[in-house]
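Chemist: the following comprises the amino acid sequence and a computationally predicted model.
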Amino acid sequence: MIMSLVSLAVFDLLFLISACINTTIVMLHCVEELSNFKVWLPNDPVVAFSVFTSLGSGLYANSMLVTTFITVIRCLAVAHPSKYRNLLSWQTTVKIISMFTVLSLTSSILLLVFVEIPPKFDSNANTIRRSLLVFPERTLMKDIIYGTRDVFLPLASQIIFGICVVIMARYPRSASQFRLKLSKSLSKNDNSVIKDDVRDKKALTDESHSANLFGKELQAVQQMLLIAVVYSLCNMPKVVSI
């Protein structure tokens, strides 16, 4: 679990760095435009912007996969703690996160395969500098990758989040009912009559059916629900942009 959180923090940090670089590139391009290209860069800023945008999208997808993986781990730890310890060792976690990283970076690299950066004349800057040249094959590749990574992946992860929230709300409720029954049974008087015992059992059954979450169980479900809502809202634009 700790390794997953550390890797998520690293990927988020790298994504923020790429976003800051893109912001700087956009500001430099604005300087070119505002100065009527009296001030210009040796290379077209669009080149660096395209490269770091592709890398940033891959890092963001990787963070999305790791976040979903952490959610599943948390759900397994609550629902089946014994199986969770046997199935997910640190070696398995490293393999899964490495697989996520390879897939995400591959999607970014594929977007740059059908791109060249040859030197050509820029009429705006009135000079020869390296500019972005996009091949027609990139359009099909971009549609496939964007459809899978930016539409299907957020939608699938949101469904997984919802399932995990339902499961995590169900199992703590069962645990609360079990502890309630146990505390009631231990608090009974040993010399109580059979009639009182039957009445207590009936009251216990009615109370267990209406038992609500409380304490750590309620806190865990609330945290998971908050994460799911924030995650869904942050990724909703990509789902809507179909």
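Modeler: Sure thing, it's come through.

Chemist: contacts and neighbour counts: CA atoms only from here.
Modeler: Fine.

Chemist: buried stuff in stretch 101-119?
Modeler: Neighbour counts over stretch 101-119 (16 or more other C-alpha atoms under 10 Å) mark 101, 104, 105, 107, 108, 111, 112, 115 as buried.

Chemist: the fifth one touches residue 55, doesn't it?
Modeler: The one in question is residue 108. Yes - assessed by C-alpha atoms under 8 Å, residue 108 is found in contact with residue 55 at 5.5 Å.

Chemist: circling back: quick check: the farthest pair among the buried residues of stretch 101-119?
Modeler: Spatially, the most separated pair among the buried residues of stretch 101-119 is 101 and 115, at 22.3 Å (C-alpha to C-alpha).

Chemist: so residue 112 is in contact with residue 52, correct?
Modeler: No - assessed by C-alpha under 8 Å, residue 112 is found out of contact with residue 52, at 10.5 Å.

Chemist: where exactly do the helices run in this structure?
Modeler: 2-34, 45-79, 81-87, 90-113, 137-146, 153-186, 194-209, 215-240 (DSSP state H).

Chemist: shaky segments in this structure?
Modeler: Residues of the chain meeting the criterion pLDDT under 70: 1, 81-87, 171-221, 223-224, 235-242.

Chemist: middle-most residue in it, spatially?
Modeler: Taking C-alpha atoms, centre = their mean, the centroid of the chain lies closest to residue 64, which sits 2.7 Å from it.

Chemist: which residues are in contact with that one?
Modeler: 154, 157 (C-alpha atoms under 8 Å, 6 or more residues apart in numbering).

Chemist: from residue 40, how far out is it?
Modeler: 37 Å (C-alpha to C-alpha, to the nearest Å).

Chemist: same thing with residue 134?
Modeler: Where residue 40 is concerned, residue 134 sits at a distance of 22 Å (C-alpha to C-alpha).

Chemist: what do you get for residue 128?
Modeler: 11 Å.
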